[in-house]
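Undergrad: only geometry, no sequence info:
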């Protein structure tokens with residue numbers, strides 16, 4: 001049971017890690033890797049996909065730190081379950097963000113409910129031009145699109161963000 005709780009807590013915590021790294025790293029000093037995700041481009045892969053490699057490295061590190069074969073007497077068993085939680089979050093991210101929202105893996109447009117709200121929230125995230133400002137930096141938790149639109153209007157009025165006209 002404790003292993004399940006560690007995995008569950010890790011998946012939940014990863015949404016905060018993803019939100020904060022998206023807002024402060026990807027839209028900050030890491031913009032060079034993230035920029036092509038916000039701009040039209042040719043090709044299947046994006047430089048932004050390197051962030052998935054970082055997430056995979058975090059997960060693999062958990063497996064390594066928890067493995068007596070690798071870490072020896074310094075192995076810390078919870079690290080294996082943390083690594084599994086990070087891996088599960090990565091799979092959820094890949095299915096929801098890359099698959100559902102950006103339709104990289106399959107074509108499906110949700111007509112209602114949570115899935116529609118997720119797509120709308122992330123499309124509002126992409127409503128800004130450049131790295132400044134923006135809303136909805138999470139990947140699994142989607143706030144109300146009407147609230148996000150109001151925040152974008154306020155950012156535009158304050159000169160914080162350049163917002164595409166289609167949002168308003």
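TA: Ah, there it is. The shown structure was predicted, so the numbers you read here are calculated from the model rather than taken from an experiment.
Undergrad: Which strands or helices does the longest helix belonging to the chain pack on?
TA: Longest helix of the chain, by residue count under DSSP state H: helix 2-21. Contact partners of helix 2-21 among helices and strands, from 3 or more Cβ pairs under 8 Å, 6 or more residues apart in numbering; DSSP states H and E: helix 78-93. Just so you know, the C-beta spots here come from the backbone N, C-alpha and C atoms, and that holds for glycine as well.
Undergrad: Could you tell me the angle between the helix it packs on and helix 2-21?
TA: Angle, helix 78-93 to helix 2-21, by axes from the mean of the first three to the mean of the last three Cα atoms, to 10 degrees: 60 degrees.
Undergrad: buried ones in helix 78-93?
TA: Neighbour-count burial for helix 78-93 flags 79-90, 93 (criterion: 16 or more other Cβ atoms under 10 Å).
Undergrad: residue ranges of the strands in the protein, please?
TA: 128-129, 162-163 (DSSP state E).
Undergrad: okay if I get these as JSON lines plus mean pLDDT?
TA: Formatted as JSON lines, the strands of the chain follow (pLDDT from 0 to 100):
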{"stretch": "strand 128-129", "mean pLDDT": "94"}
{"stretch": "strand 162-163", "mean pLDDT": "91"}
